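A.B. asks: kindly generate the corresponding structure for this input.
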Amino acid sequence: MTNPNETNKPSGVTEQGPAILRGHNPQAIGVQSLPGSRIRILGVPLDLGQSRRGVDMGPSAVRVAGLQARLEALGHQVEDGGNIAVDIAETQSVGEPNAKYLQAITDTCIREAEQVIETLAAGQTPLVLGGDHSVGAGTVSGIAEFYRRKQQKIGLIWIDAHADINTPETSPSGNVHGMPMAAIMGLGPGPLRDIFGWSPKVLPDNVVLIGVRDIDATEKENIRRAGITEVYTMRDIDERGMRTVMEEALRAAGRGTAGYHVSLDMDWIDPEDAPGVGTPVRGGATYREAHLAMEILADHGRMLSFEIVEVNPVIDEHNRTADLAVELISSAFGKKIL
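C.D. replies: The predicted structure is shown next:
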């Protein structure tokens, strides 16, 4: 994205691009400068997509952990755009049991997508705080629509313990937070799929799943139906290392695109380090692996937008997970060890 504020570079960034840690090979991933240093925070306190309550407080927990101050300390100009209006479960009809609260979730995602477009049009980088991961359908719809109007396409890096590619026909729970990837890829559910009247929002060649380790049997077929081939499980990270996985992922997401959106579900990280998440699964990324992934994103410099979801302070320990979320966001936006 064009940087409208070239005079205010993030810490560690020069006109030649970001400072590179010793031993890193910038040619391997095509290092550029970091994204524009004007950031707009958008909270989406949505918890209708899952059964466990509490993630609606995630945006507040991340803000309380010092998000804006941390980003400003890196040299960014940060505006907090507040929260997108979200209906609460007690006022809404559950609807069909195989896609609970689908209409209310879609309405929220449409409002969110419109705010994302306004943010990009103002030359700001959207930083979305969830909420459950169903908000991803709104974020991606907004970014994809903005660049579609410019006759460009986007890539998508989905960092998550889960594939989130169930449809109402395949979901074992009917929880829509397990369906946003299916909506983005044009599989359904219909209302989420058809935001702005077109799908898929991202071509399969530019979609990457990273860190998955808990995939429903029916989702495996949906991944094949969607045509997604860049899927890196935790075994891939164990065997090949985070650096190799991230560099391959960024090449795929960036090929022929204006850049890519990054969607980070905090349940990707092992519950030992991130206990306060919507759906914890043992065996996730370590603290340092997570930071390395974010640091490589910053080095690459083609991130168009970022979202972090599924922080649940109700089951957290002294806001540890929100604190880590702020640390990871800081790394993604340019904080370095040296």
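A.B. asks: need the contact list for the residue nearest the centre of the chain.
C.D. replies: By Cα atoms, centre = their mean, the mean C-alpha position of the chain lies nearest to residue 263, the distance being 1.2 Å. Shown in contact with residue 263 (Cβ atoms under 8 Å, 6 or more residues apart in numbering): 133, 136, 139, 140, 156, 157, 158, 159, 160, 307, 309. (Each C-beta comes from the backbone N, C-alpha and C, glycine too.)
A.B. asks: nearest residue to the second one other than its sequence neighbours?
C.D. replies: I take that to be residue 136. Nearest residue to residue 136, sequence neighbours excluded (Cβ to Cβ, 6 or more residues apart in numbering): residue 180, at 4.1 Å.
A.B. asks: ok, now how distant is the one you found from residue 59?
C.D. replies: As judged by Cβ to Cβ, to the nearest Å, residue 180 and residue 59 stand 17 Å apart.
A.B. asks: before we move on, the earlier item: the host helix or strand of the residue nearest to the centre of the chain pairs with which strands?
C.D. replies: With elements taken from DSSP states H and E, the one containing residue 263 is strand 260-265. If you go by DSSP bridges, strand 260-265 pairs up with strand 155-159 (parallel), strand 303-309 (parallel).
A.B. asks: shaky segments in this structure?
C.D. replies: Within the chain, the segments meeting pLDDT under 70 span 1-36.
A.B. asks: name the helices or strands packed onto the longest helix along it?
C.D. replies: When the chain is parsed with DSSP state H, its longest helix is helix 102-121. Where contact means 3 or more Cβ pairs under 8 Å, 6 or more residues apart in numbering; DSSP states H and E, helix 102-121 is packed against strand 38-44, strand 125-130, helix 135-149, helix 190-193, strand 303-309.
A.B. asks: then it to PDB, C-alphas only?
C.D. replies: Written as PDB, here are the backbone C-alpha positions of helix 102-121 (Å, rounded to 0.1, in the frame of the first residue of the first chain):
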ATOM      1  CA  LEU A 102     -25.900 -16.300  10.600                       C
ATOM      2  CA  GLN A 103     -27.900 -13.200   9.700                       C
ATOM      3  CA  ALA A 104     -26.700 -11.200  12.700                       C
ATOM      4  CA  ILE A 105     -23.100 -12.200  12.000                       C
ATOM      5  CA  THR A 106     -23.400 -11.300   8.300                       C
ATOM      6  CA  ASP A 107     -24.900  -7.900   9.200                       C
ATOM      7  CA  THR A 108     -21.900  -7.300  11.500                       C
ATOM      8  CA  CYS A 109     -19.400  -8.400   8.800                       C
ATOM      9  CA  ILE A 110     -21.000  -6.000   6.200                       C
ATOM     10  CA  ARG A 111     -20.600  -3.100   8.600                       C
ATOM     11  CA  GLU A 112     -17.100  -4.100   9.300                       C
ATOM     12  CA  ALA A 113     -16.200  -4.500   5.600                       C
ATOM     13  CA  GLU A 114     -17.500  -1.000   4.900                       C
ATOM     14  CA  GLN A 115     -15.300   0.400   7.700                       C
ATOM     15  CA  VAL A 116     -12.300  -1.500   6.300                       C
ATOM     16  CA  ILE A 117     -12.800   0.100   2.900                       C
ATOM     17  CA  GLU A 118     -13.100   3.500   4.400                       C
ATOM     18  CA  THR A 119      -9.900   2.900   6.300                       C
ATOM     19  CA  LEU A 120      -8.000   1.800   3.200                       C
ATOM     20  CA  ALA A 121      -9.400   4.700   1.200                       C
END
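A.B. asks: now it, how far from the chain's geometric center?
C.D. replies: 15 Å (Cα atoms, centre = their mean, to the nearest Å).
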